[in-house]
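Novice: predicted model and sequence below, questions to follow.
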Amino acid sequence: MTTLVIAEHSNTELKPATLHAVTAAQQIGSEVHVLVAGAGCAEAAAAASRIAGVSKVLVADNAAYATQLAENMSALIAEVATAYDAVLAAATAGAKNVMPRVAALLDVAQISEITAVISADTFERPIYAGNVIATVQSTDARKVITVRATGFDAASAEGGSATIEALSSAHDAGLSRFIEERVAKSDRPELTAARVVVSGGRGMQNGDNFKLLEAVADKLNAAVGASRAAVDAGFVPNDYQVGQTGKIVAPDLYIAVGISGAIQHLAGMKDSKVIVAINKDPDAPIFQVADYGLVADLFQAVPELSSSL
Amino acid sequence: MKVLVAVKRVVDYNVKVRPKSDGSGVDLNNVKMSVNPFCEIAVEEAVRLREKGVATEVIAVSLGDKSCQEQIRTALALGADRGILVETDAELQPLAVAKLLKAVIEREGVQLAILGKQSIDGDNNQTGQMLSALAGMSQGTFASKLDIADGKATVTREVDGGLQTLELSLPAVITSDLRLNEPRYASLPNIMKAKKKPLDTLTPAELGVDVTPRVKTLKVSPPPERKAGIKVGSVEELVDKLRNEAKVI
């Protein structure tokens, strides 16, 4: 049984989420291939070929895939997928955009955001914002799956020596056109890949006060996140949002500052190894999931924290 | 331009759901049901397009048993012009819903379909993308801004790390993210008016769609509980615990 993993990449770099999808693929089938579709993506393909446990990398290097337009990507993946028993991708915004189309084109269901592989056709996945875990079995001959990265360890990025095979097929549906992408530049690690995440909520009061968290984050090489309340209040951009409808994170250390702990926020961070909550309200629900809770005014506690690190 | 919006009947977002004790499903007895919040945003966007004169008619479609009429009436009270219920007691999964919506779109000559990006029960985030692929319509998912002009849709999308803007040729499928708009509240006169708006019923058989589920739910269970830890008295104690007990810094 051979599985295909769709690489998440920036043409020059392979995104770490891919490594988690490879681990899930290995639990489903013995042989794992990776598809890298992009434009000028040789470096990403070379990186994919070094992932431990990957035996072949397929590369579709064509202008049609430069910006990962869903219509073009899905046509390619559905074509390549017919040679595989299962197609997987890490549940990033990019894969969520493309993979359901692949499933529809193959006339199969998609199993979204699996967190565990029970057998080749049976998986666990969270529903109702993580308040319920469903065990589901696919009856389709071919599986299309997205993988919640926090549910699987990362495969080793080095140690493999897969063969690289070029694909010539170019699908350009001509239905959509890329105009621009505005991505915040940051020297900090990506939220979903960071070992430590420092998040702020409504208690931060304004966007300026997030500088306090940034000072802590700089000391710990951490990413900065936020609750939906903080994003909705306009303190920080929406890609900071941790939660059911934002990013799902599971770092070694999650520090929640001025966050009450709404269900939808907990859904995005409760798999973190160690959770710290700093909040002045001793009854805030966040303390029910925190390993270490500090009832304090964040405007005193956070500066004190950054100076003692 | 006719606009279709899909509205799903789901457990209200304020309800804390629990698996049944035998693990056969989620306990839905006496639970408040509402329009999926993302679908409500989709309805609002469609109604605004009609108010701007871009859309000529907004059709609200729901799929499921008779009780989904309630959610269609909610959409009508928010400003949709008429409703269609695709009625079935069968369990509907995203692929089947996408096929049914495609059939309705072809029947009605719809140019723009706006769906919620995901429903808060199944959390699948699939239907809009599947519909777009099956119907050969262009796709703009996770939209935080939508403009329609000259037969094109310009959509700003929430992606990892920022925002992406695409230009789509019509017909198109859009899925709404949280920040696309803030839905209005239905006024009492509009709720009364909604009762008189037309609501037609179709069946999967009439639309020629096989809705057989492809995925079986074997069991549902509560997630592993996370226990509350300890309260620390000071920042100093916190740093000490993180260094020497948890060893994470």
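Specialist: Looks like it arrived, so ask away. Numbers count the residues shown, from 1 in each chain, chains lettered A, B, ... in the order given.
Novice: so where do the helices sit in the chain?
Specialist: With no chain named, the answer covers chain A. A:17-28, A:42-49, A:70-81, A:93-105, A:210-220, A:228-232, A:263-269, A:298-307 (DSSP state H).
Novice: oops, wrong one, chain B.
Specialist: Here chain B has its helices, by DSSP H, at B:37-51, B:69-77, B:94-108, B:127-135, B:188-194, B:235-240.
Novice: among the helices of chain A, which comes closest to residue B:212?
Specialist: Each of the helices of chain A has some distance to residue B:212 by Cβ to Cβ; the shortest is helix A:93-105, at 15.3 Å. Just so you know, the C-beta spots here come from the backbone N, C-alpha and C atoms, and that holds for glycine as well.
Novice: give me the contacts around that closest one.
Specialist: Judged by Cβ atoms under 8 Å, 6 or more residues apart in numbering or on different chains, the contacts made with helix A:93-105 from elsewhere in the structure are A:6, A:8, A:68, A:70-71, A:73-75, A:77-78, A:81, A:87, A:89, A:109-110, A:112, A:144, A:146, B:94-95, B:98, B:125-134, B:139, B:141-142, B:158-160.
Novice: now do it against helix B:127-135, angle only.
Specialist: Interaxial angle, helix A:93-105 versus helix B:127-135 (axes from the mean of the first three to the mean of the last three Cα atoms, to 10 degrees): 50 degrees.
Novice: sort out which residues of helix A:93-105 are buried, please.
Specialist: Residues of helix A:93-105 classed as buried under the neighbour-count rule (16 or more other Cβ atoms under 10 Å in any protein chain shown) are A:93-105.
Novice: output it as PDB, restricted to C-alpha atoms.
Specialist: Written as PDB, here are the backbone C-alpha positions of helix A:93-105 (Å, rounded to 0.1, in the frame of the first residue of the first chain):
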ATOM      1  CA  ALA A  93      -5.000  26.800   5.100                       C
ATOM      2  CA  GLY A  94      -3.500  25.700   1.700                       C
ATOM      3  CA  ALA A  95      -4.500  22.100   2.000                       C
ATOM      4  CA  LYS A  96      -7.900  22.900   3.400                       C
ATOM      5  CA  ASN A  97      -8.500  24.900   0.300                       C
ATOM      6  CA  VAL A  98      -7.400  22.200  -2.100                       C
ATOM      7  CA  MET A  99      -7.900  18.700  -0.700                       C
ATOM      8  CA  PRO A 100     -11.700  18.600  -0.500                       C
ATOM      9  CA  ARG A 101     -11.700  19.400  -4.300                       C
ATOM     10  CA  VAL A 102      -9.400  16.400  -4.800                       C
ATOM     11  CA  ALA A 103     -11.800  14.200  -2.900                       C
ATOM     12  CA  ALA A 104     -14.800  15.500  -5.000                       C
ATOM     13  CA  LEU A 105     -13.000  15.000  -8.300                       C
END
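Novice: so for that helix, mean pLDDT?
Specialist: Averaged across helix A:93-105, pLDDT comes to 98.
Novice: how much space between the closest residue to residue A:172 other than its chain neighbours and chain B?
Specialist: Nearest-residue entry for residue A:172: residue A:64, 4.2 Å, with adjacent residues in sequence omitted and distances by Cβ to Cβ, 6 or more residues apart in numbering or on different chains. In this view, residue A:64 and chain B are 15 Å apart by Cβ to the nearest Cβ, to the nearest Å.
Novice: residue A:64 touches residue A:169, doesn't it?
Specialist: No. In terms of Cβ atoms under 8 Å, residue A:64 does not count as a neighbour of residue A:169; the distance is 9.4 Å.
Novice: returning to that earlier point: mean neighbour count added to the helices of chain B, as TSV?
Specialist: Output for the helices of chain B, formatted as TSV (neighbours: other Cβ atoms under 10 Å in any protein chain shown):
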stretch	mean neighbour count
helix B:37-51	23
helix B:69-77	23
helix B:94-108	22
helix B:127-135	28
helix B:188-194	13
helix B:235-240	17
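Novice: can you redo the ones you listed as CSV with mean pLDDT and distance to chain A?
Specialist: Output for the helices of chain B, formatted as CSV (pLDDT from 0 to 100; distance: least, Cβ to the nearest Cβ, whole Å):
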stretch, mean pLDDT, distance to chain A
helix B:37-51, 98, 8
helix B:69-77, 98, 18
helix B:94-108, 98, 5
helix B:127-135, 98, 4
helix B:188-194, 97, 26
helix B:235-240, 96, 4
